[in-house]
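Asker: got a predicted model here, sequence first, then my questions.
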Amino acid sequence: MMFAELVNGGCPFINEVQSASDGYGMMVYTFSNPIYTVLYLVWFAAIWFHLTHGFWSALQTLGWSGKIWFNRWKVIGTVYVTLLMLIFVVVALKFALCGGCCTACC
């Protein structure tokens with residue numbers, strides 16, 4: 001159960017969203033505002049930096065880095081985190097540019 005369903009009796013807080021459990025409608029509504037989209041993308045850039053550092057740092061803490069593997073882990077972590085973050089960025093940009101319903105993006 002979502003917090004909105006508990007607090008508001010299942011009714012949405014925003015008139016454009018059909019119900020409190022309508023995640024798709026909430027994403028369309030949120031990303032239709034360019035300020036939220038830009039803030040989302042800026043925060044994902046910050047998360048990217050955090051996760052790229054955390055990936056190789058965790059492996060270094062576990063002792064899985066040597067002179068040869070240290071740079072390899074950094075590259076592997078950067079590629080993995082970049083692909084992961086790009087998936088979320090693509091979803092945000094699809095909703096921001098298409099409103100969630102454009103046929104060219106689907």
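Answerer: Everything's here; your move.

Asker: tell me the SS of the residue lying farthest from the centre of the chain?
Answerer: Here the chain reaches farthest from its C-alpha mean at Lys67, the gap being 33.2 Å by Cα atoms, centre = their mean. Put simply, Lys67 is coil when judged by DSSP: H, G, I helix; E, B strand; the rest coil.

Asker: tell me the pLDDT of it.
Answerer: We note a pLDDT of 83 for Lys67 in this prediction.

Asker: got the phi and psi for it?
Answerer: phi -60, psi -40 (degrees, to the nearest 10).

Asker: who's in contact with Leu84?
Answerer: By Cβ atoms under 8 Å, 6 or more residues apart in numbering, the contact set of Leu84 is Leu51. No exception for glycine: its C-beta is placed from N, CA and C like everyone else's.

Asker: in what helix or strand does the spatially most central residue of the chain lie?
Answerer: By Cα atoms, centre = their mean, the mean C-alpha position of the chain lies nearest to Phe88, the distance being 4.0 Å. Applying DSSP states H and E as the criterion places Phe88 in helix 69-98.

Asker: how far away is the residue farthest from the centre of the chain from Tyr40?
Answerer: Distance check for Lys67 against Tyr40: by Cβ to Cβ, to the nearest Å, it reads 39 Å.

Asker: so, low pLDDT: which residues of the protein?
Answerer: 1-20, 100-106 (pLDDT under 70).

Asker: same thing but at 90, please
Answerer: Within the chain, the ranges that satisfy pLDDT under 90 run 1-30, 32, 56, 59-73, 98-106.

Asker: show me what counts as buried in the helix or strand that contains His53.
Answerer: Using DSSP H and E, His53 sits in helix 34-61. Buried residues in helix 34-61, counting neighbours by 16 or more other Cβ atoms under 10 Å, are found at Thr37, Tyr40, Trp48, Leu51, Thr52, Phe55, Trp56, Leu59.
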